[in-house]
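Enquirer: Need a 3D model of the sequence below.
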Amino acid sequence: MRHRTLGFVLGSLMALLLSVASAVPAAGYGNSGGSQQLYQATASMNCNNPSLCGSFLGGFWAWAEFDADGTFDAEVTFCSHLSTPAGPGFAGAGHAHASGSYIITDFGLGPGSC
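Expert: Just a heads-up that it's a prediction; the model follows:
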């Protein structure tokens, strides 16, 4: 009888802990501190062919997230492989962070505007 009671108590405690753990909201990037994430956007470009890109060899990788309160955060990483017969140009990688605010504007280009 004692083993059954102990098993029941432990099982009930585990069920309670699991229900509390599953009720905790996720605090993923952009969804914490009262700010609601609306969109995430990414962009990238790579070119390592001199016949196509000339001296602009390399690329960039960008990511941004836009919040409902009109703010955004962005990260950009880039690299370049510039080298000329006269000497090396910029060759290496870099990173930039941007944050600020945005507005959504209607340019009148939607359906029925033409």
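Enquirer: What segments of this protein are strands?
Expert: Ranges of strands in the chain, per DSSP state E, are 37-47, 58-67, 71-84, 87-101.
Enquirer: Quick one: those strands as CSV, columns for mean neighbour count, distance to Pro111 and mean pLDDT too.
Expert: (Each C-beta comes from the backbone N, C-alpha and C, glycine too.) Listed next are the strands of the chain as CSV, based on neighbours: other CB atoms under 10 Å; distance: least, CB to CB, whole Å; pLDDT from 0 to 100:
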stretch, mean neighbour count, distance to Pro111, mean pLDDT
strand 37-47, 12, 21, 88
strand 58-67, 17, 24, 90
strand 71-84, 15, 27, 83
strand 87-101, 10, 28, 81
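Enquirer: burial of Phe107, as a residue count?
Expert: 6 (other CB atoms under 10 Å).
Enquirer: so who does the residue nearest to Phe72 when sequence neighbours are not counted touch?
Expert: What sits nearest to Phe72 in space, not counting adjacent residues and going by CB to CB, 6 or more residues apart in numbering, is Phe66, at 4.8 Å. Taking CB atoms under 8 Å, 6 or more residues apart in numbering as the criterion, Phe66 is in contact with 37-41, 72, 102.
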